[in-house]
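got a structure for you, letters missing:
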Ligand code: NAD
Ligand code: ZN
């Protein structure tokens, strides 16, 4: 198969990424080839469900009160996408680049757990993880295994007609904390909620030290994540972008590689891990 990366791009990558500190910033585009729809472009899930309602806590509560069946359908559709998705070659290439000591960390806006599933260890999750639950009181977290989320989605679908039964299913999978008595919730950052200070400061720390920031599959329209490349550039890092289109910051990137992440990243790994 013909390489997507031009010789010139290959030379740039070799020159700047070999023996360097490379950090990667990923967005929804890296998981598109795993079957998870993008946010912008409104394909799939977000065409069917208005994110201003279904990606906010108030919206979710009001849907449950007024149209509980719709909430059950949404949770079913959302988790069906997540538990079926598997890492694609872009995720596994980043994990290989980390094992080779080239990529120091992946800062992701995604909530799908696919970087970890691919084997990446240093993952900073700006928007949380949908396969984890968090206590609203003591903030303790637990994994919400794919199998468990599948089981919950199927039970929700079966009991869609009854608000009481739905409440029972949701209470079983988002139980009360044994330590503090508060309720568990999905550990993601919904619209209007603040990002975790810990994750954000870990991201800035990584960016202050990196030589190259590799940006993969993000429109760079969602702040504060979209401000991170500006910070890295200001600290002296080169910006390399991999995207099927252009992003809000393509203009300031030192190199933009147009192509699917699942094809381009294995080529980058091939160049650097050789
Ligand atoms: P976005 O949907 O705004 O932009 C996706 C970008 O990826 C676009 O620039 C597009 O051109 C590019 N793209 C599409 N297919 C690609 C491919 N195969 N290879 C490379 N690039 C490709 O995504 P965003 O910038 O991450 O912002 C969306 C927000 O929604 C984030 O905050 C994220 O938390 C959330 N979100 C997460 C997921 C997920 O967890 N997988 C999915 C959808 C949305
Ligand atoms: Zn607790």
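Yep, it's here. As the structure is a prediction and not an experimental result, all values here were calculated from the model. Ligands and ions are numbered 1, 2, ... in the order given.

residue nearest the centroid of this protein?
The residue lying closest to the centre of the chain (Cα atoms, centre = their mean) is residue 110, at 0.9 Å.

ok, and the closest non-adjacent residue to it?
The shortest distance from residue 110 to any non-neighbouring residue, by Cβ to Cβ, 6 or more residues apart in numbering, is to residue 31 (5.6 Å). C-betas here are computed from N, CA, C, even on glycine.

ok so, going back, show the pLDDT at the residue nearest to the centre of the chain.
At residue 110, the predicted lDDT confidence score is 97.

with residue 223 instead?
Note on residue 223: pLDDT of 88.

how near is it to residue 36?
Remark: distance between residue 223 and residue 36 (Cβ to Cβ, to the nearest Å) = 22 Å.

check residue 113 too.
Per Cβ to Cβ, residue 113 is found 11 Å from residue 36.

joint contacts of the two?
residue 82 (Cβ atoms under 8 Å, 6 or more residues apart in numbering).

just the strands in the stretch 1-150 of the chain please.
With DSSP state E, counting those that start in this stretch as the criterion, the stretch 1-150 of the chain has strands at 22-26, 103-108, 123-125, 128-135, 141-143.

which helices and strands does the last one pack with?
Right, the one you point to is strand 141-143. Helices and strands touching strand 141-143, by 3 or more Cβ pairs under 8 Å, 6 or more residues apart in numbering; DSSP states H and E, are strand 128-135.

and if you look at the fourth one?
Strand 128-135 makes packing contacts with helix 68-84, strand 141-143, helix 146-158, strand 184-188 when contacts are defined by 3+ Cβ pairs under 8 Å, 6+ apart.

thinking the residue nearest to the centre of the chain is in contact with residue 27, fair?
Yes. In terms of Cβ atoms under 8 Å, residue 110 counts as a neighbour of residue 27; the distance is 6.9 Å.

spell out which parts of the stretch 151-274 of the chain neighbour ligand 1.
217, 218, 219, 221, 222, 242, 243, 244, 245, 247, 260, 261 (Cβ under 6 Å from any ligand atom).
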